[in-house]
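below are the sequence and a predicted model; questions follow.
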Amino acid sequence: MKASNEVLVDIEKGKTLVIRCLAIGELDDKGMVTVFFELNGQPRHVKVPDRAHGMANVKLRRKVDQADAAQVGAPMPGVISQLAVSVGQVVRNGDLLVSIEAMKMETAIRAERDGTVSEVLVKVGDQVDAKDLLVCVG
């Protein structure tokens, strides 16, 4: 969308969202832009990846291989709010590995098996997308 464009999104019969783009901010060093918009007349803003421009200079994260049980990926996009492990640390099934915050809600990512952390690919404050590789537990 470009600034001043408006779209109507039907989410179910009788419920329509009115979204109007107000402005799009500058590209930051992580390839993100701030989009200012109105949702049903209420002003909002969100940081999103700018996939159209400038992504060539941004380091993309490895994606999780679903077939590899040692890899732990992000279940949703968000910001790393807590990192509870480090390389070489022994973890047990259910131990906290990482917490992700999205839209003021925090999601705990826990070990699904016993093992030793062999790789940590994020740090607190990092923006991640769904299926980004966060931690490897071998």
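Perfect, thanks for sending it.

all contacts plus neighbour counts: C-alpha atoms, from now on.
Fine.

domain parsing of this protein, as residue ranges.
For the chain, the structural domains run 6-57, 71-137, going by automatic domain parsing.

between those, which gets nearest to residue 63?
With CA to CA, the closest approach to residue 63 among these belongs to domain 71-137: 4.4 Å.

first-to-last residue distance for that closest one?
The first and last residues of domain 71-137 sit 6 Å apart, counting by CA to CA, to the nearest Å.

do stretch 5-25 as well
For stretch 5-25, the end-to-end distance is 15 Å (CA to CA).

any regions of the chain where pLDDT drops low?
Under the criterion pLDDT under 70, the flagged ranges of the chain are 51, 53-59.

give me the residue at the spatial middle of the protein.
Compute the mean C-alpha point of the chain, and by CA atoms, centre = their mean the closest residue is residue 77, 2.1 Å away.

do I have it right that it meets residue 133?
No: in this structure, residue 77 is not within contact of residue 133 by CA atoms under 8 Å, at 11.7 Å.

just the CA trace of the lengthiest strand in the chain, in PDB.
Taking DSSP state E as the criterion, the chain has its longest strand at strand 15-24. Provided in PDB are the C-alpha atoms of strand 15-24 (Å, rounded to 0.1, in the frame of the first residue of the first chain):
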ATOM      1  CA  LYS A  15     -17.400  -7.600  10.100                       C
ATOM      2  CA  THR A  16     -15.200  -5.400   8.000                       C
ATOM      3  CA  LEU A  17     -11.900  -3.800   8.900                       C
ATOM      4  CA  VAL A  18     -11.100  -0.400   7.300                       C
ATOM      5  CA  ILE A  19      -7.300   0.000   7.000                       C
ATOM      6  CA  ARG A  20      -5.900   3.300   5.700                       C
ATOM      7  CA  CYS A  21      -2.100   3.800   5.200                       C
ATOM      8  CA  LEU A  22      -1.000   7.100   6.600                       C
ATOM      9  CA  ALA A  23       2.800   7.000   6.000                       C
ATOM     10  CA  ILE A  24       5.700   4.700   5.700                       C
END
